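Visitor: Here is my input; please provide its structure:
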Amino acid sequence: MENLTYNSFFLELEGLKVSEEAMYPAFLFFLLFYVIIMVSNIGIFILIIGHRSLHEPMYMLFCNLPLNDILGNSIMIPRLLMDIIKRPSERYISYVECVVQAFSTHTYGTTSHTILIIMAFDRYVAICHPLRYQTILTQKMVITLSTLAWGVALLFISILIGLTLRLNRCRTFISNPFCDNASLFKLSCEDVTVNNLYGLIYTVLLFGSSMGSIAITYIKIVTVCLITKSKTLNSRALKTCSTHLALYLIMLISGFIVIVLHRFPAYSDYRKLSSLLFHIIPSILNPIIYGLQCTEIRQVLIQVVQLKKKVGP
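Guide: The predicted structure follows:
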């Protein structure tokens, strides 16, 4: 029978469905990924901030991405690990914690798009207007772009979650491994048409502006490369843009899989798993791809490792 407790302070979280035999392997699996995410993203963030040779606009803008990966996974994954080793009947979460988790989850997804948009602008200026790059991408512009990326995301998500907070709740069970906005407003027995409408507008605007700006940027970059026919410029564009495009496609494909599976209730278990992987896979691959592809970051990393070998016993 459905629980109709009105505005209950505690909610029951479904968590990740695993058998008793798979409980500890699943725990170790996600714990390993969490450690990799934290170590790799904190490492590359400190590497860029701590070395003046990497204080270029491209790398300073990229710093927003590991910061987003750290914040986005620090709230969701530890809670998931706790719930894995609990019995399903013991997986309770306070409404306040659930709201915070939903806010951080959606902020992570939205900011991933906005950060990659400002990074695309950086690549556009670097390739299409190289002589004006230093005058356009000043320290002030980098701060403005970073603030804009986070500010837009926080504004959209504040409205999204705010519309859900106004609803009274008559259910307590969240059919998801973690809290998100859809799970929260499904707890209500009131009309959620406004929530669905805003969610649709927000999704269309986010994906539309994201894909549109990335497409326009790369069309202009390709056009400049074809017109100039410079091997040096083409090589530089391929090197720097391929990294950015790889990060964007990984994030975009992961997000699309979750959205598509939402339309097929029969595959709800696959959707729940894919929503977890949406956080994990890009967060693991982002620092690896950027670290391996960017020569400057790779060289500084090698210097740090060599220095530690010399200092060490």
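Visitor: Off-centre distance for stretch 284-297?
Guide: Its chain's C-alpha centre and that of stretch 284-297 lie 16 Å apart, by CA atoms, centre = their mean, to the nearest Å.
Visitor: average pLDDT for it?
Guide: Mean per-residue pLDDT for stretch 284-297: 78.
Visitor: That stretch: which residues count as buried?
Guide: 284-287, 289-291, 293-294, 297 (16 or more other CB atoms under 10 Å). Every C-beta, even on glycine, is put in place using the N, C-alpha and C of the backbone.
Visitor: so can I have TSV of those residues showing secondary structure and distance to Lys239?
Guide: TSV is the format used below for the buried residues of stretch 284-297 (DSSP: H, G, I helix; E, B strand; the rest coil; distance: CB to CB, whole Å):
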residue	secondary structure	distance to Lys239
Ile284	helix	22
Leu285	helix	18
Asn286	helix	17
Pro287	helix	18
Ile289	helix	13
Tyr290	helix	12
Gly291	helix	14
Gln293	helix	7
Cys294	coil	9
Ile297	helix	13
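Visitor: Which stretches in the protein count as helices?
Guide: Counting by DSSP state H, the chain has helices at residues 23-50, 57-62, 64-84, 95-128, 133-136, 139-165, 181-185, 193-228, 231-262, 268-293, 295-311.
Visitor: Mind putting the ones you listed into JSON lines with distance to Phe173?
Guide: As requested, those are exported to JSON lines (distance: least, CB to CB, whole Å):
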{"stretch": "helix 23-50", "distance to Phe173": "21"}
{"stretch": "helix 57-62", "distance to Phe173": "40"}
{"stretch": "helix 64-84", "distance to Phe173": "14"}
{"stretch": "helix 95-128", "distance to Phe173": "12"}
{"stretch": "helix 133-136", "distance to Phe173": "52"}
{"stretch": "helix 139-165", "distance to Phe173": "16"}
{"stretch": "helix 181-185", "distance to Phe173": "9"}
{"stretch": "helix 193-228", "distance to Phe173": "18"}
{"stretch": "helix 231-262", "distance to Phe173": "18"}
{"stretch": "helix 268-293", "distance to Phe173": "14"}
{"stretch": "helix 295-311", "distance to Phe173": "46"}
